[in-house]
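> no FASTA, just this:
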Ligand SMILES: [Zn+2]
(Lines give C-alpha, C1' and ligand atoms only; values in the text may rest on other atoms or scores of the structure.)
Protein backbone atom coordinates (compact mmCIF):
# COMPACT_ATOMS: atom_id res chain seq x y z
CA UNK A 1 0.00 0.00 0.00
CA UNK A 2 1.43 3.34 -1.03
CA UNK A 3 1.58 6.10 1.58
CA UNK A 4 -1.10 8.72 1.30
CA UNK A 5 0.20 11.94 -0.24
CA UNK A 6 -1.92 14.51 1.59
CA UNK A 7 -0.15 17.44 -0.11
CA UNK A 8 -1.11 16.13 -3.56
CA UNK A 9 -4.66 15.46 -2.38
CA UNK A 10 -4.93 19.00 -0.99
CA UNK A 11 -3.63 20.45 -4.28
CA UNK A 12 -6.19 18.41 -6.25
CA UNK A 13 -9.00 19.62 -3.98
CA UNK A 14 -7.83 23.23 -4.38
CA UNK A 15 -7.78 22.88 -8.19
CA UNK A 16 -11.25 21.35 -8.07
CA UNK A 17 -12.53 24.27 -5.96
CA UNK A 18 -11.12 26.79 -8.45
CA UNK A 19 -12.84 24.97 -11.30
CA UNK A 20 -16.09 24.71 -9.28
CA UNK A 21 -16.11 28.43 -8.47
CA UNK A 22 -16.27 29.19 -12.20
CA UNK A 23 -19.44 27.13 -12.68
CA UNK A 24 -22.41 29.39 -13.39
CA UNK A 25 -25.19 26.81 -13.62
CA UNK A 26 -26.85 26.35 -10.21
CA UNK A 27 -27.43 22.62 -10.62
CA UNK A 28 -23.84 22.01 -11.69
CA UNK A 29 -22.68 24.16 -8.79
CA UNK A 30 -24.75 22.09 -6.32
CA UNK A 31 -23.29 18.90 -7.79
CA UNK A 32 -19.78 20.35 -7.34
CA UNK A 33 -20.50 21.17 -3.68
CA UNK A 34 -21.73 17.60 -3.13
CA UNK A 35 -18.57 16.27 -4.76
CA UNK A 36 -16.42 18.50 -2.54
CA UNK A 37 -18.28 17.31 0.55
CA UNK A 38 -17.74 13.67 -0.48
CA UNK A 39 -14.05 14.33 -1.07
CA UNK A 40 -13.71 16.00 2.35
CA UNK A 41 -15.33 12.96 4.00
CA UNK A 42 -13.05 10.61 2.07
CA UNK A 43 -10.02 12.70 3.06
CA UNK A 44 -11.00 12.62 6.74
CA UNK A 45 -11.46 8.86 6.52
CA UNK A 46 -8.02 8.50 4.92
CA UNK A 47 -6.46 10.68 7.64
CA UNK A 48 -8.02 8.46 10.32
CA UNK A 49 -6.76 5.33 8.53
CA UNK A 50 -3.33 6.92 8.21
CA UNK A 51 -3.23 7.64 11.95
CA UNK A 52 -4.30 4.08 12.72
CA UNK A 53 -1.57 2.68 10.43
CA UNK A 54 1.08 4.96 11.97
CA UNK A 55 0.09 3.68 15.43
CA UNK A 56 0.26 0.09 14.17
CA UNK A 57 3.77 0.73 12.78
CA UNK A 58 4.88 2.13 16.16
CA UNK A 59 3.42 -0.92 17.93
CA UNK A 60 5.19 -3.33 15.54
CA UNK A 61 8.50 -1.44 15.86
CA UNK A 62 8.15 -1.70 19.64
CA UNK A 63 7.51 -5.46 19.37
CA UNK A 64 10.58 -5.88 17.12
CA UNK A 65 12.71 -3.94 19.62
CA UNK A 66 11.45 -6.12 22.50
CA UNK A 67 12.10 -9.27 20.46
CA UNK A 68 15.66 -8.15 19.70
CA UNK A 69 16.22 -7.25 23.37
CA UNK A 70 14.89 -10.66 24.40
CA UNK A 71 17.20 -12.46 21.96
CA UNK A 72 20.18 -10.59 23.46
CA UNK A 73 19.07 -11.69 26.94
CA UNK A 74 18.44 -15.29 25.85
CA UNK A 75 21.80 -15.51 24.06
CA UNK A 76 23.58 -14.79 27.35
CA UNK A 77 22.47 -18.21 28.62
CA UNK A 78 23.74 -21.63 27.65
CA UNK A 79 21.50 -24.68 27.97
CA UNK A 80 23.31 -27.18 30.18
CA UNK A 81 22.33 -30.70 31.23
CA UNK A 82 23.52 -32.53 34.28
CA UNK A 83 24.35 -36.23 34.35
CA UNK A 84 20.71 -37.11 35.12
CA UNK A 85 19.40 -35.20 32.10
CA UNK A 86 18.00 -32.21 34.01
CA UNK A 87 18.36 -28.97 32.08
CA UNK A 88 19.26 -25.49 33.23
CA UNK A 89 20.16 -22.31 31.47
CA UNK A 90 23.42 -21.02 32.89
CA UNK A 91 24.51 -17.43 32.33
CA UNK A 92 27.79 -17.43 30.42
CA UNK A 93 29.26 -14.52 32.39
CA UNK A 94 27.92 -14.53 35.94
CA UNK A 95 27.05 -18.25 36.17
CA UNK A 96 23.50 -17.54 37.43
CA UNK A 97 20.93 -20.18 36.61
CA UNK A 98 17.68 -19.39 34.79
CA UNK A 99 14.51 -21.44 34.90
CA UNK A 100 14.09 -23.42 31.65
CA UNK A 101 10.27 -23.27 31.89
CA UNK A 102 10.17 -19.51 32.32
CA UNK A 103 12.92 -18.78 29.80
CA UNK A 104 10.78 -20.64 27.25
CA UNK A 105 8.00 -18.16 28.07
CA UNK A 106 10.36 -15.21 27.61
CA UNK A 107 10.72 -14.62 31.34
CA UNK A 108 14.20 -14.36 32.79
CA UNK A 109 13.70 -15.90 36.22
CA UNK A 110 16.87 -16.58 38.16
CA UNK A 111 16.68 -19.83 40.12
CA UNK A 112 17.27 -19.63 43.86
CA UNK A 113 19.09 -22.30 45.85
CA UNK A 114 16.61 -24.46 47.74
CA UNK A 115 18.98 -26.97 49.30
CA UNK A 116 22.60 -27.93 49.02
CA UNK A 117 21.94 -29.50 45.64
CA UNK A 118 18.65 -28.03 44.49
CA UNK A 119 17.37 -24.94 42.74
CA UNK A 120 13.90 -23.48 42.81
CA UNK A 121 11.93 -21.13 40.54
CA UNK A 122 9.70 -18.75 42.52
CA UNK A 123 7.64 -18.07 39.38
CA UNK A 124 6.61 -21.54 38.17
CA UNK A 125 7.63 -23.48 41.32
CA UNK A 126 9.98 -25.74 39.33
CA UNK A 127 12.53 -27.51 41.53
CA UNK A 128 15.65 -28.98 39.99
CA UNK A 129 18.19 -31.23 41.66
CA UNK A 130 21.58 -30.12 40.47
CA UNK A 131 24.96 -31.26 41.60
CA UNK A 132 27.22 -28.41 42.54
CA UNK A 133 30.14 -27.91 40.20
CA UNK A 134 33.08 -29.85 41.61
CA UNK A 135 35.67 -27.49 42.96
CA UNK A 136 39.17 -28.33 41.80
CA UNK A 137 41.13 -29.87 44.65
CA UNK A 138 44.75 -29.23 45.29
CA UNK A 139 46.58 -32.43 44.54
CA UNK A 140 50.12 -32.18 45.96
CA UNK A 141 52.85 -34.06 44.16
CA UNK A 142 53.25 -37.57 45.41
CA UNK A 143 56.24 -38.39 47.56
CA UNK A 144 56.51 -42.19 47.31
CA UNK A 145 58.90 -42.45 50.24
CA UNK A 146 56.75 -40.23 52.43
CA UNK A 147 59.75 -38.31 53.74
CA UNK A 148 61.12 -34.86 53.08
CA UNK A 149 62.57 -34.37 49.72
CA UNK A 150 66.33 -33.81 49.63
CA UNK A 151 68.74 -33.06 46.90
CA UNK A 152 71.50 -35.54 46.15
CA UNK A 153 74.97 -34.56 47.45
ZN1 LIG B 1 10.12 -20.99 36.24
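Yep, that arrived. Please read all numbers here as calculations on a predicted model, not as lab measurements.
> for stretch 22-31, give the mean pLDDT please.
Stretch 22-31 shows a mean pLDDT of 86.
> what residues does the protein put near the ion?
When proximity is defined by Cβ under 5 Å from the ion, the chain lies next to the ion at 99, 101-102, 109, 121, 123-124, 126. Bear in mind the C-beta positions are built from the backbone N, C-alpha and C, glycine included.
> so where do the strands sit in this structure?
For the chain, the strands defined by DSSP state E occupy 77-81, 87-91, 97-98, 112-113, 118-120, 127-129.
> ok and the second one relative to strand 77-81, angle-wise?
When you say that, I think you mean strand 87-91. Here strand 87-91 points in a direction 150 degrees away from that of strand 77-81 (axes from the mean of the first three to the mean of the last three Cα atoms, to 10 degrees).
> buried sites along strand 87-91?
Residues 88-90 are the ones in strand 87-91 that count as buried (16 or more other Cβ atoms under 10 Å).
> check the last one too.
Taking 16+ other Cβ under 10 Å as the basis for neighbour counts, the residues of strand 127-129 that come out buried are residue 128.
> how is the protein partitioned into domains?
Here the domain parsing of the chain from automatic domain parsing is 6-72, 76-129.
> end-to-end on the shortest one?
For domain 76-129, the separation between the terminal residues is 22 Å (Cα to Cα, to the nearest Å).
> quick one: mean pLDDT over it.
Taken as a whole, domain 76-129 carries a mean pLDDT of 90.
> now that domain, how far from the centre of its chain.
On the basis of Cα atoms, centre = their mean, to the nearest Å, domain 76-129 sits 21 Å off its chain's mean C-alpha point.
> and if you look at the first one?
Average the C-alpha atoms of domain 6-72, do the same for its chain, and the two points are 33 Å apart (Cα atoms, centre = their mean).
> which stretches in the chain count as helices?
6-21, 26-74, 100-104 (DSSP state H).
> deepest of these, which one?
Of all the helices of the chain, helix 100-104 carries the top mean neighbour count, a mean of 17, counting by mean count of other Cβ atoms under 10 Å.
> and for it, what's in contact with it?
74, 77, 79, 87-89, 108-109, 121, 123-124, 126 (Cβ atoms under 8 Å, 6 or more residues apart in numbering).
> pLDDT wise, what is residue 12 at?
82.
> can you check residue 7 too?
pLDDT at residue 7 comes out at 81.
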